[in-house]
Every structure is written in C-alpha cells, then in structure tokens.
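**Student:** missing the sequence, but the structure's below:
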C-alpha cells in the first residue's frame, strides 16, 4: 500500500508541475511493452515508439486495409501507455502497393500502375481514424501511406499527425527506385522537418535510406534525429538498410529511428539508433509485429564540438 501511495503521489506531483491531467501524467510512469520500467520523462527527453508492423500489398483489399489501420491504432495505444510522445511507423504501414497488383497489364506482367483500382475512400477513412486517435491519446504519429494527386501518379508519402489530431506535414519519397519512378509514383522534391517538444526531426522514406547526401542535408538543417520508414519484401541485399541507418546516425551525430515491416525474410528489425551509431532499442528479433520504445535525450548528446567539426570539415570540402 505504501508503494502504491508513493506511486500515485509521484504521478500527482508531475501533473501539478506540468498542468497535465492525472491520466496524461500516468503515461510517463508506465512500463514499456517489454515490462521494463522507463525513467520519468524530463524536458530534455523525447520518448518515441518505433513499430515493425504488418505490411499488406493490395490497396484493393478493403478488409486488409482495415486490418492494417486497426493494427496501427493498437500500437498507438501501446505507445501512449508507455509514455511515448511519438509513434513512428514503417513504409506501407497502411498499404505498400505491389507493382504487379497495381499493373494495368497484371497480375503477371509489369506495366504502368492503374491507381483507379485502389480503395482511396477506405485509406482516407483509416487515416482519419488515426488522426482522431492521435488527438485523443495526445501523441504525435508518423504514418506512411500513398498520397493521391489529381492529375498525376501519387506520392509515396509519410503523414505527420500532431498530438492535437491535426495533419501538420507530409514527406514524399524523393529517391524512387526504378520500378517506382517508371510505373508507380511521382517523386517528392524537398526535405521536411517537424518540431516536437523542442526537438527538430527530419523524415526519410523508402529508398532514401540508401542516399547519404539526404542525411547530410538534414545535418545542415540542424536536426536532432531522422525518422526512417522502410519496407522490404526480403530481396537480397535489402537488409543493408539497417547498416546504412547506423552509419548515417554516426556520421552526422544525430539519432535515427528505423521503422520496418514485420517481415521475417527481411533480416531487419525496427529500432532506435543513438548519435554514436549504436542500437539503444530494437523490436523482436523474430520480426513479429511489435513496438520498441526509447528515450532521445540531449543529456546523451556528443559535445557540440564534434558536430561543429564535421560542419567545418564539410564546408571546406564543398567550397
């Protein structure tokens, strides 16, 4: 009883200090999904939950789209229960359209995608429910999906929903694969950063993970970390994305969150990488759907001189 009273006292003290409700303050003391206690959040910490979730490949399958949306919302609730301020999902979290499913010559021959086949209204309904839940839970959500364009092929995108349930940003994949740019999507054109609790975060998607210049660009934009949403069907060599993500973190002295598909053939697990390039949290190694939770803390940052030295060296190289 004494321990329980002390626990409730700590929660009430935080609520009084921050102005949060008791329920909101309680999230910061709950254990992670693995059962391990996480430290109480402070102003210098951003707690994130990164998902390895089920990725379905048929945007004409209404039941599949709804199942993906339901899984995303379940993980959002788990993230909120663990005290996370941000839930980060992989490329194709709602659907990662298969090139043969979408081919106007398919299903056996690759050709230009026929996007009229996609269940756009269902995708929008699922996104709307995700946005509403973000507001109810008071967390930010980065959720990739296909973004419809009126007069051209869609973007492969990642939506950013604020803790108020509002769509505040969208990042469009820039470095499309040959298949994506030839048959499926319109490429994006610019980097996107968001601000959460004083942290500046960049966004990357899909093939972007293979291009270090995009991550150097985010370093110039002075981000604290980059959220990388990635998906692979297990093709040989694609598991190097995790190695590259660690390299980007170490080379630029910032954090990287890597959200991936729950695919046992991919040899990649979701996780969070610190600014030294080391994993500090990872999803289950058997690739089952789950979230991993980690704290991004400025207390753990490298001395500013380390990052400044890189900036100065790069300026000399490019001048």
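**Tutor:** Good, I have the coordinates. The model shown is predicted, which means the values in this text are computed figures rather than measured ones.

**Student:** when you work out contacts or count neighbours from here on, use the C-alpha atoms and nothing else.
**Tutor:** Noted.

**Student:** residue 285 is in contact with residue 271, isn't it?
**Tutor:** No - counting by CA atoms under 8 Å, residue 285 does not reach residue 271; the two are 10.6 Å apart.

**Student:** which of these two has more residues huddled nearby?
**Tutor:** residue 271 (25 against 12; other CA atoms under 10 Å).

**Student:** and the closest residue to the more buried one other than its chain neighbours, what pLDDT?
**Tutor:** Among residues not flanking residue 271 along the chain, residue 282 sits closest, at 4.0 Å (CA to CA, 6 or more residues apart in numbering). Listed pLDDT for residue 282 reads 95.

**Student:** okay, now residue 282: neighbour count?
**Tutor:** 23.

**Student:** which residues touch it?
**Tutor:** 269-272, 292 (CA atoms under 8 Å, 6 or more residues apart in numbering).

**Student:** try 6 Å
**Tutor:** When contacts are counted by CA atoms under 6 Å, 6 or more residues apart in numbering, residue 282 touches 270-271, 292.

**Student:** in this structure, which residue is closest to the centre?
**Tutor:** residue 88 (3.0 Å; CA atoms, centre = their mean).

**Student:** just to revisit the earlier point, filter the contacts of residue 282 down to the ones in strands?
**Tutor:** Mapping the contacts of residue 282 onto strands (DSSP state E) picks out 271, 292.

**Student:** now, among the contacts of residue 282, which is nearest to residue 216?
**Tutor:** residue 271 (20.8 Å; CA to CA).

**Student:** so that closest one makes contact with residue 278?
**Tutor:** No - using CA atoms under 6 Å, residue 271 is not in contact with residue 278, being 10.2 Å away.

**Student:** name the SS class of the residue nearest to residue 138 when sequence neighbours are not counted, please.
**Tutor:** Distances taken as CA to CA, 6+ apart place residue 163 nearest to residue 138, at 4.4 Å, with adjacent residues excluded. When classified by DSSP: H, G, I helix; E, B strand; the rest coil, residue 163 comes out as coil.

**Student:** pull the contacting residues for the residue lying closest to residue 174 once chain neighbours are set aside.
**Tutor:** Leaving aside its sequence neighbours, residue 174 sits nearest to residue 188 (CA to CA, 6+ apart; 4.5 Å). Listed by CA under 6 Å, 6+ apart, the contact set of residue 188 reads 172-174.

**Student:** just the residues you listed now: which is nearest residue 129?
**Tutor:** Set against residue 129, the nearest of these by CA to CA is residue 172 (21.3 Å).

**Student:** what are the bridge partners for that closest one, then?
**Tutor:** The bridge-partner assignment for residue 172, based on DSSP bridges, gives residue 157.

**Student:** my guess is it contacts residue 159. True?
**Tutor:** No - Residue 172 lies out of contact with residue 159 (CA under 6 Å); the separation is 8.9 Å.

**Student:** out of those two, which sits in the busier spot?
**Tutor:** Neighbours per residue (other CA under 10 Å) separate residue 172 from residue 159, with residue 172 holding more: 28 against 21.

**Student:** for the more buried one, give its distance to residue 212.
**Tutor:** Residue 172 sits 17 Å away from residue 212, going by CA to CA, to the nearest Å.

**Student:** ok, now residue 248?
**Tutor:** Taken as CA to CA, the span from residue 248 to residue 212 is 7 Å.

**Student:** do residue 55 as well
**Tutor:** 26 Å.

**Student:** looking at those two, which is more packed in?
**Tutor:** Neighbour tally, residue 55 and residue 212, criterion other CA under 10 Å: the higher count belongs to residue 55, 25 against 16.

**Student:** tell me the contacts of the more buried one?
**Tutor:** Contacts of residue 55 (CA under 6 Å, 6+ apart): 92-93, 261.

**Student:** which of those residues ranks first by neighbour count?
**Tutor:** residue 93 (32 neighbours).
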